[in-house]
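A.B. asks: Let me see the structure of the following:
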Amino acid sequence: NNSSQLSSLPLQILLYVNGVYYIFYFLATLAMIIYKSQVFSYPDDFLAPDLAVLFLMAILEVPRLYLGFKGNLTEAEAPLGLSLGLTVGSVVLCVYLLLWQTYVLWADVLLNAVLLSAYGLESGLKVTAIAAFVS
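C.D. replies: Got it, this is the predicted structure:
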């Protein structure tokens, strides 16, 4: 049945919300790293990796969201699968910022917990959509 629409509206909405939330997440996390570098004795050799992880995550987020939008709207499993793969990378970087950055504040825990929850929900919807596309 070619007339059925397989793309996922909940996934599309979540990708959009995640894009907006990530902008907030990035700015808030950057502001907190700057704040922590001023308030705490932040060793210089630890500031660079924390910032590098945040910026790498931002760089990953663009193709991750683009491929997610494109794959879902065109009902193509390849871009959606690539987006899912990039999500795994984003999760690893998010876990770094949650557990292993130099100073972890309660706001870091909150921001990262929300982001990880969104990634988890989005990944479940992507897997479901991919399954619908290939069937």
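A.B. asks: List the residue ranges of the chain that fall below the pLDDT cut-off.
C.D. replies: Using pLDDT under 70 as the threshold, the predicted model of the chain has low-confidence ranges 1-3.
A.B. asks: so residue 51 touches residue 34, yeah?
C.D. replies: No - taking C-beta atoms under 8 Å as the contact criterion, residue 51 and residue 34 are not neighbours in contact, 9.3 Å apart. The way it works is simple: take the backbone N, C-alpha and C, and place the C-beta from them, glycine included.
A.B. asks: Between the two, which has more neighbouring residues?
C.D. replies: When residue 51 and residue 34 are compared on other C-beta atoms under 10 Å, the one with more neighbours turns out to be residue 51, at 16 against 13.
A.B. asks: In three-state terms, label that one for me.
C.D. replies: Secondary structure assignment for residue 51 (DSSP: H, G, I helix; E, B strand; the rest coil): helix.
A.B. asks: and the gap between it and residue 43?
C.D. replies: When C-beta to C-beta, to the nearest Å is the yardstick, residue 51 and residue 43 sit 13 Å from each other.
A.B. asks: Equivalent analysis for residue 13, please.
C.D. replies: In terms of C-beta to C-beta, residue 13 sits 42 Å off from residue 43.
A.B. asks: and if you look at residue 10?
C.D. replies: Here the distance between residue 10 and residue 43 works out to 44 Å (C-beta to C-beta).
A.B. asks: More neighbours: the two, which one.
C.D. replies: In this view residue 10 and residue 43 are compared by other C-beta under 10 Å, and residue 10 has more residues nearby, 13 against 10.
A.B. asks: Spatially, which residue comes closest to the more buried one, not counting chain neighbours?
C.D. replies: Closest residue to residue 10 in three dimensions, ignoring its sequence neighbours and counting by C-beta to C-beta, 6 or more residues apart in numbering: residue 125, at 5.9 Å.
A.B. asks: In what element of secondary structure is that neighbour found?
C.D. replies: Assigned by DSSP states H and E, residue 125 falls within helix 106-134.
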